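**Q** I need the structure of the sequence given here:
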Amino acid sequence: MKKAEKMTDVMLIKAFSEVGRNNYEVAIIPLWGDWLKRSLETTDLLEILNVESFSGYIARKEHGISFLLCRTAKVPFYEKWLDENELAFLDAREEEIEQLCRHFDCIKSDALIVHLDGMANYEAFEDIKFRTVDFDLKLIQEILTSKN
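**A** Residues are numbered from 1 along each chain as shown. All right, here's what the predicted structure looks like:
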């Protein structure tokens, strides 16, 4: 597993709790399997329902990503992949992601929140609320659609 210079099938993104980013929270978003199909269904639903007049976003139950929490004072190795950025793409196999999730405290996501402008974030709730930084879902969808 290593940081990639271009977009790959695994996204590492900073996450925060309600009190900040105290435990080097990140989310691992595997873009393989039916991730693209499900995310396109969500953005289509956003347009069909004309959510703009309601709340400006749609929340969809989504348990496909993992929030990782580091419970030691030591900076975890994955922080170097982010540098000062909010997200990074990784060259990683599914087994490597599973091993990473077993090594750190791991919380499964509860919802994907998609806004009208195409920005999105994931949320998880376990004793405390966790949220990823916003990312450009529409752009990722366009890139993945053009690759397929």
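**Q** ok, and the closest non-adjacent residue to the residue nearest in space to the middle of the chain?
**A** Note on the chain: the residue nearest the mean C-alpha position is Ile29, at 4.5 Å, using CA atoms, centre = their mean. Spatial nearest neighbour of Ile29, chain neighbours left out: Met11 (4.2 Å); criterion: CB to CB, 6 or more residues apart in numbering. No exception for glycine: its C-beta is placed from N, CA and C like everyone else's.
**Q** Packing partners of the worst-scoring helix or strand of the chain on mean pLDDT?
**A** When the helices and strands of the chain are scored by mean pLDDT, DSSP states H and E, strand 57-61 comes last with a mean of 83. For strand 57-61, the packing partners by 3 or more CB pairs under 8 Å, 6 or more residues apart in numbering; DSSP states H and E come out as helix 35-48, strand 111-115.
**Q** which of the ones you listed sits most buried?
**A** strand 111-115 (a mean of 20; mean count of other CB atoms under 10 Å).
**Q** Just the helices from this protein, written as ranges.
**A** Along the chain, the segments classed as helices by DSSP state H run 35-48, 79-82, 94-103, 137-147.
**Q** what about those helices, which gets the closest to Ile65?
**A** Ile65 lies closest to helix 35-48 among the helices of the chain, at 8.9 Å (CB to CB).
**Q** what's the burial count for the closest residue to Cys106 other than its chain neighbours?
**A** Nearest residue to Cys106 in three dimensions, chain neighbours excluded: Ser66, at 4.9 Å (CB to CB, 6+ apart). Ser66: 21 surrounding residues under other CB atoms under 10 Å.
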